[in-house]
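1. can you look at this prediction? I've put the sequence above it.
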Amino acid sequence: MSEFFVAVGLGLCLLVFLVLYRVIFGPGVFNRIAAISAIGTKTLIILLVLGYVYGRVDMFIDISMVYALLNFIGCVAAAKYLETER
Amino acid sequence: MSYIMGILAIVFILGGLLFFTTATIGLLRFPDFFTRLHATGKGDTLAVFLCLIGFALHEGVSLTALKIVVIAVFMFLAQPTATHAISRAGIRRGLKPWVRGEERR
């Protein structure tokens, strides 16, 4: 089962590098924010997979929960800021 | 019983990985900001939900599985809210939706 989790983590890391293209070259700031939000959701799953690989899920699950909250709050704050700025 | 749960967990996690892949392809290939948001907003939500349900099935009945279900419910509420906030900010800043025949941007 551990090899399966390592394979899932490697696949998710590959997807993160693919999304990073949109962060670097994306035209405009809105594309970049959407791509960063997508990277945050993938990182949440990668953290859980790391917990299963190291055998310490009870610690990594709290980090993953905090990461989900911070991703959501950062996304909404950036959207609110860009909405009013001229 | 635990064997069947393991098989179900693997099926759910692989389904989540498939939806992550399709959302990423949509984010890279679609022509416009709003269409890209349409790909990631729905695809990532379903993918995170499937992956977390798979992890909870693999865990069994415990406090960790309860926390994973809490994260899944929170992501199911928070991800569409964040997508809506970004797209509304884009509309208010004056981005026009892409129509057929225009060039990619």
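-> On my side now, so go ahead.
2. contact partners for B:Arg88?
-> By Cβ atoms under 8 Å, 6 or more residues apart in numbering or on different chains, the residues touching B:Arg88 are A:Ala79, A:Glu83. Glycine gets a C-beta too; all of them are placed from N, C-alpha and C.
3. helices or strands up against the helix or strand where A:Leu18 lies?
-> A:Leu18 belongs to helix A:2-25 when assigned by DSSP states H and E. Judged by 3 or more Cβ pairs under 8 Å, 6 or more residues apart in numbering or on different chains; DSSP states H and E, helix A:2-25 is in contact with helix A:29-54, helix B:2-29.
4. the longest one versus helix A:2-25: what angle between them?
-> If you take axes from the mean of the first three to the mean of the last three Cα atoms, to 10 degrees, helix B:2-29 sits at 10 degrees to helix A:2-25.
5. any idea which of the helices and strands packed on helix A:2-25 is most buried?
-> Sort these by mean neighbour count, taking mean count of other Cβ atoms under 10 Å in any protein chain shown, and helix A:29-54 sits at the top with a mean of 21.
6. next structured bit after that helix?
-> Using DSSP H and E, the helix or strand that follows helix A:29-54 towards the C-terminus is helix A:57-84.
7. report the buried residues of that following helix.
-> A:57, A:60-61, A:64-65, A:67-68, A:71-72, A:75-76, A:78-79, A:82 (16 or more other Cβ atoms under 10 Å in any protein chain shown).
8. check those one by one and keep those near chain B.
-> Counting by Cβ under 8 Å from any Cβ of the partner chain, A:Val57, A:Ile61, A:Ser64, A:Met65, A:Ala68, A:Asn71, A:Phe72, A:Cys75, A:Val76, A:Ala78, A:Ala79, A:Leu82 from these sit close to chain B.
9. what sits closest to the second one if chain neighbours are left out?
-> Nearest residue to A:Ile61 in three dimensions, chain neighbours excluded: B:Lys67, at 5.0 Å (Cβ to Cβ, 6 or more residues apart in numbering or on different chains).
10. looks like that neighbour contacts A:Ile63 (just checking).
-> No. Contact criterion Cβ atoms under 8 Å: B:Lys67 and A:Ile63 do not qualify, at 11.3 Å.
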